[in-house]
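Visitor: this one's sequence-less:
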């Protein structure tokens with residue numbers, strides 16, 4: 001799986017000789033003026049980093065708890081395999097990096113035509129985190145709360161990023177009301 005910053009390939013995550021995940025920086029990226037590491041725990045000066053650094057970093061890009069369970073179920077990936085999960089939903093993450101097997105051919109957005117359509121999306125989030133499974137939608141936002149990345153243009157129109165297009169806002173609907181029993 002390749003790691004991208006905007007449209008530039010930064011690194012690749014692949015099995016090392018022992019089968020464990022490694023992250024190897026792209027040599028062109030390492031030579032790029034202004035290049036930066038994907039994590040402070042994986043400096044650019046070291047070309048290859050092992051699973052001990054890679055897997056915790058990847059896991060921290062994923063949702064948690066029930067959101068993670070639903071994403072795993074929808075994608076068919078194991079909750080215990082953060083790389084497979086990120087390969088399924090990592091085209092837009094909460095951060096500067098994107099994850100994909102190949103580059104981004106056509107980043108675009110899907111318009112949300114009206115408030116009723118936006119309301120339907122919000123209503124579906126608890127059962128369909130990040131619109132997982134919809135054609136072209138691939139995003140991961142860490143944490144437990146239901147949320148979705150959206151793109152808001154200069155006119156205020158809301159759309160859903162697809163094919164690796166970046167989100168510009170994170171929409172977090174109010175949590176369901178808490179019902180306290182026995183108090």
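Guide: Thanks, I have it. Just so you know, these numbers come straight off a predicted model, no measurement behind them.
Visitor: walking through the protein, point out its helices one by one.
Guide: Using DSSP state H, the helices assigned to the chain run over residues 27-31, 51-59, 65-75, 82-89, 115-124.
Visitor: in the last one, which residues are buried?
Guide: Just to be clear, that refers to helix 115-124. By neighbour count with 16 or more other Cβ atoms under 10 Å, helix 115-124 contains the buried residues residue 121. Heads up, the C-betas are built off the backbone N, CA and C, glycines and all.
Visitor: what does the longest one give?
Guide: Neighbour-count burial for helix 65-75, with 16+ other Cβ under 10 Å as criterion, is recorded at 67, 68, 70, 71, 72, 74, 75.
Visitor: just for this protein, where's the confidence low?
Guide: Low-confidence segments of the chain, defined by pLDDT under 70, span residues 102-107, 128-144, 164, 175-183.
Visitor: can you show me the strands along it?
Guide: Remark: strands assigned in the chain by DSSP state E are 2-5, 8-15, 21-25, 48-49, 92-93, 97-100, 108-111, 139-140, 148-152, 158-162, 169-171.
Visitor: can you list the ones you listed in a markdown table and add distance to residue 56 and mean neighbour count?
Guide: Putting the strands of the chain into a markdown table (distance: least, Cβ to Cβ, whole Å; neighbours: other Cβ atoms under 10 Å) gives the following:
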| stretch | distance to residue 56 | mean neighbour count |
| --- | --- | --- |
| strand 2-5 | 15 | 20 |
| strand 8-15 | 13 | 17 |
| strand 21-25 | 11 | 21 |
| strand 48-49 | 11 | 18 |
| strand 92-93 | 15 | 24 |
| strand 97-100 | 15 | 21 |
| strand 108-111 | 32 | 16 |
| strand 139-140 | 15 | 28 |
| strand 148-152 | 23 | 20 |
| strand 158-162 | 26 | 21 |
| strand 169-171 | 22 | 14 |
